[in-house]
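[1] The amino acid sequence is not available; the structure is as follows:
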């Protein structure tokens, strides 16, 4: 388990809520850890750190489907359903008048943060210029965060993205 994922679980007290998920589908622990490693702990979603919002949404989807359907697929849909938020605002590193902007999906957010460790990072209310659908953002994040086998299983065999809207993600 990654250090970022462990910290998020501990800081937001998600351990007991994730236990039933990982008991049913152990491969989801690696998927969550890899998503956390890509998004990092400081990239903000709508109101809280994005990775926390993603995990809470995934847990809620898992609970809704626990008895009626396939909860592990619902969990992944909830997890990747917020990937478009990586495009909704800009993440910047500032040092005085100079600033550097994280480009979505080109590198993990923590790699960007490490490169500009001596800068202050912040979210800026400016949408990314790219026009991308929610489904495309989910696929892009999954392709970067999941192992090949997990990507194939969840995004090809189970078609996790089928329920993610194909609307423009820049609607925020």
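    Looks like it arrived, so ask away. Everything numeric in this text was worked out from a predicted model, so none of it was measured. Numbers count the residues shown, from 1 in each chain.
[2] Other residues contacting the helix ranked longest in the chain?
    The longest helix of the chain (DSSP state H) is helix 50-65. Applying Cβ atoms under 8 Å, 6 or more residues apart in numbering, the external contacts of helix 50-65 come out as 4, 8, 12, 14, 17-18, 20-21, 32, 35-36, 39-41, 43-47, 71-83, 85-86. To be clear about C-beta, it is placed using only N, CA and C from the backbone, and glycine gets the same treatment.
[3] what about that helix, average pLDDT?
    Mean per-residue pLDDT for helix 50-65: 96.
[4] can you count the residues close to residue 18?
    Neighbourhood size, residue 18 [other Cβ atoms under 10 Å]: 19.
[5] which parts of the helix or strand of the chain with the lowest mean pLDDT are buried?
    None of the helices or strands of the chain scores lower by mean pLDDT, DSSP states H and E than helix 148-151, at a mean of 90. Across helix 148-151, burial judged by 16 or more other Cβ atoms under 10 Å covers 150-151.
[6] helices or strands up against it?
    If you count contacts as 3 or more Cβ pairs under 8 Å, 6 or more residues apart in numbering; DSSP states H and E, helix 148-151 packs onto helix 27-39.
[7] what ranges do the strands span in this structure?
    Here the chain has its strands, by DSSP state E, at 90-95, 98-101, 120-124.
[8] hey, which of those strands is tucked in deepest?
    Of all the strands of the chain, strand 90-95 carries the top mean neighbour count, a mean of 17, counting by mean count of other Cβ atoms under 10 Å.
[9] what are the pairing partners of it, and which direction each?
    In the sheet, strand 90-95 lines up against strand 98-101 (antiparallel), strand 120-124 (antiparallel) (DSSP bridges).
[10] okay, those strands in a markdown table with mean pLDDT next?
    Listed next are these as a markdown table, based on pLDDT from 0 to 100:
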| stretch | mean pLDDT |
| --- | --- |
| strand 98-101 | 94 |
| strand 120-124 | 95 |
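[11] would you list the ones you listed in TSV and tack on distance to residue 52?
    Listed next are these as TSV, based on distance: least, Cβ to Cβ, whole Å:
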stretch	distance to residue 52
strand 98-101	23
strand 120-124	14
